[in-house]
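> dropping the sequence and predicted coords here.
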Amino acid sequence: MKACLSRRLPALLLLTALLTGCSSLLFYPERGLPFTPEKAGLGFEDVNLTAADGTRLHGWWLLAKPGVEVKGTVLHLHGNGGNLAWHLGGSWWLPEQGYQVLMLDYRGYGISEGSPSLPAIYQDIDAAFAWLASKPEVQAKPLVLLGQSLGGAMAVHYLAEHPKQRQRLQALVLDGVPASYRAVGQYALSTSWLTWPLQVPLSWLVPDSDSAIRSIAQLEGTPALLFQSMDDSIVPLANGIALYQQAPLPRVLQLTRGGHVQTFADPTWRQVMLRYLDDPQHFNGLRRLGEIPNYPAPAADK
């Protein structure tokens, strides 16, 4: 019964969200912060930003490891659930490699003020770019945007609307990003017998005008690396491939294994991102099947 319920849960949550409004469909924030990067042994600073409408936001500035040459800066935009603490796994490893990182909690997440909604949340991304522009240690170094799941989808739409900010980027890295909110919603509804018969009509209640697939073709001149797990149960493989196909050159599709936005739990994919950032214009990704780890790991011999 427990396993059956866990399979139905995404569809049940989506059905509830559809019946209660669009904002609750896209955003699942958690208030407070259960821990800070200090627990992971990382040097960091608390960051306070203010959006154009006056909403006060909170972030973390992860400092490059002492003694390591600073290679650049990564703006990390996390997915739709939890808050900064739950998404530290996406970028904790970068400071040791010489990348300083700005992690942002959108309005309504963590200890940021307000409530998340579109299009207001794009002001939060704008505030992050403005803060980075004010930091001397960010200037004259490559700037990279890492967008995971919903964070990546919002980043694509934002960059299409803000070409000057896009021009500041050396590269865009997307991890498990839904091409279409509506398509992902229909997929979630199709996974449960309870919602399967209504998957098409209900999915049309999902707002789709800001979906990444409608904007990514406008990101001309911005190299992009797209991570997509073949095992992703939230954003299916076909959705990730569709986004890649619409992305302008130069772009790389890196197929991975493992759960949704669990990419950087595996050192293989961390190394891929680092190699990509060394030369975003020419890196082709790992293509040989033998280079892709097997999931799950083989059981130890008894």
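Looks like it came in fine.
> what segments of the stretch 101-250 of the chain are strands?
For the stretch 101-250 of the chain, the strands defined by DSSP state E, counting those that start in this stretch cover 143-148, 171-175, 224-229.
> quick check: residue 134 vs residue 127, distance?
Separation of residue 134 from residue 127 (C-beta to C-beta, to the nearest Å): 11 Å. No exception for glycine: its C-beta is placed from N, CA and C like everyone else's.
> do the same with residue 280
For residue 280, the distance to residue 127 equals 26 Å [C-beta to C-beta].
> kindly report the same for residue 113.
Using C-beta to C-beta, residue 113 is found at 12 Å from residue 127.
> how about residue 111?
Residue 111 is 15 Å from residue 127, by C-beta to C-beta.
> ditto for residue 109
Counting by C-beta to C-beta, the gap from residue 109 to residue 127 is 14 Å.
> now do residue 172
As judged by C-beta to C-beta, residue 172 and residue 127 stand 19 Å apart.
> the more surrounded of those two?
Under the criterion of other C-beta atoms under 10 Å, the comparison of residue 172 against residue 127 puts residue 172 first, with 24 against 21.
> just give me the neighbour total for the nearest residue to the more buried one once chain neighbours are set aside.
Using C-beta to C-beta, 6 or more residues apart in numbering and skipping the chain neighbours, the partner closest in space to residue 172 is residue 224 (4.5 Å). Residue 224 is flanked by 25 other residues according to other C-beta under 10 Å.
> now swap in residue 46 and tell me
12.
> that one against residue 38, yeah?
No: counting by C-beta atoms under 8 Å, residue 46 stays clear of residue 38, with 10.7 Å between them.
> so where's this protein shaky on pLDDT?
1-25, 182-209, 286-302 (pLDDT under 70).
> do that again at 50, thanks
Of all residues in the chain, those with pLDDT under 50 make up the ranges 1-23, 186-204, 289-290, 293-302.
> what ranges does it have for its helices?
Taking DSSP state H, the helices of the chain run over residues 2-20, 22-26, 84-87, 122-133, 150-161, 163-166, 181-190, 199-203, 237-246, 267-278.
> for the third one, C-alpha coordinates in CSV please.
Put plainly, it is helix 84-87. Below are the C-alpha coordinates for helix 84-87, written out as CSV (Å, rounded to 0.1, in the frame of the first residue of the first chain):
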residue,chain,number,x,y,z
LEU,A,84,18.4,26.9,0.0
ALA,A,85,19.3,24.2,2.5
TRP,A,86,17.7,21.4,0.4
HIS,A,87,19.5,22.5,-2.7
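> which neighbouring elements make contact with that helix?
Using 3 or more C-beta pairs under 8 Å, 6 or more residues apart in numbering; DSSP states H and E, the elements in contact with helix 84-87 are strand 56-62, strand 99-105.
> rewinding a little: so what sits against both of residue 113 and residue 127?
residue 57 (C-beta atoms under 8 Å, 6 or more residues apart in numbering).
> what about stretch 144-163, how long is it end to end?
15 Å (C-alpha to C-alpha, to the nearest Å).
> can you list the buried residues in it?
Of all the residues in stretch 144-163, those buried under the rule 16 or more other C-beta atoms under 10 Å are 144-160.
> quick one: residues contacting residue 171.
Taking C-beta under 8 Å, 6+ apart as the test, what residue 171 contacts is 142, 144-145, 222-225, 276-277, 280.
> residue 100 is in contact with residue 143, correct?
No: with contact defined as C-beta under 8 Å, residue 143 does not count as touching residue 100 (10.3 Å).
> which of these two has more neighbours?
Using other C-beta under 10 Å, the more surrounded residue of residue 143 and residue 100 is residue 100, with 23 against 19.
> contact partners for the more buried one?
The neighbours of residue 100, taking C-beta under 8 Å, 6+ apart as the test, are 61-64, 70, 72-74, 137-138.
> having no further points to raise, I will conclude here.
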